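> my questions are about this predicted structure, shown below with the sequence.
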Amino acid sequence: MEPKYLFGCSTNKPNGCLLNPEGSRMIFFEECKNSAKPNFKIDTHLFYTNHLGEPGGYQSSEKLNIDFAWEKWHELHQNGWTEVAHNYG
């Protein structure tokens, strides 16, 4: 199966925070700290936001391999999610 995303590869990792178009949820992408180089894993952490657009309540986490992480990143961008300057943790 060919990947459906237009950017990203196994040597590059999605990293950062995306905010949904309504400003009600944000998702953090970060490299899993115990991830082995040939098989990178990406942790995603989904939060509800408060009235200031900051993480306000934890919703869920997921561990993805690099290809699925890029697919999710690309899909969120296609659905209007934008990068914002927040750090996880």
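Received it, and whenever you're ready, just let me know what you need.
> point to the residue nearest the middle of the protein.
Most central in the chain under C-alpha atoms, centre = their mean is residue 29, positioned 3.4 Å from the mean C-alpha point.
> what's the burial count for the nearest residue to it once chain neighbours are set aside?
With C-beta to C-beta, 6 or more residues apart in numbering as the criterion, residue 29 has its nearest non-adjacent residue at 4.5 Å, and that residue is residue 14. From N, CA and C alone the C-beta is placed, and that goes for glycine too. Using other C-beta atoms under 10 Å, residue 14 has 22 neighbouring residues.
> also residue 46?
The local packing count at residue 46 equals 16, with neighbours defined by other C-beta under 10 Å.
> which residues does it form beta bridges with?
Beta-bridge pairing for residue 46 (DSSP bridges): residue 27, residue 60.
> dihedrals phi and psi, the residue nearest to residue 29?
For residue 14, the backbone dihedrals (degrees, to the nearest 10) come out as phi -70, psi 130.
> where does this structure dip in pLDDT?
1-11, 35-38, 87-89 (pLDDT under 70).
> would you map the helices across it?
If DSSP state H is used as the criterion, the helices of the chain fall at 66-78.
> sorry, back to before: thought the residue nearest to the centre of the chain was touching residue 41?
No: with contacts counted by C-beta atoms under 8 Å, residue 29 stays clear of residue 41, the gap being 11.2 Å.
> can you give me the strands in this structure?
16-19, 25-31, 41-49, 55-65, 82-84 (DSSP state E).
> ok, the first one: who's next to it in the sheet?
If you go by DSSP bridges, strand 16-19 pairs up with strand 25-31 (antiparallel), strand 82-84 (antiparallel).
> tabulate those strands in JSON lines, adding columns for distance to residue 73.
As requested, these are arranged in JSON lines below (distance: least, C-beta to C-beta, whole Å):
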{"stretch": "strand 25-31", "distance to residue 73": "6"}
{"stretch": "strand 82-84", "distance to residue 73": "10"}
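> thanks a lot, see you next time.
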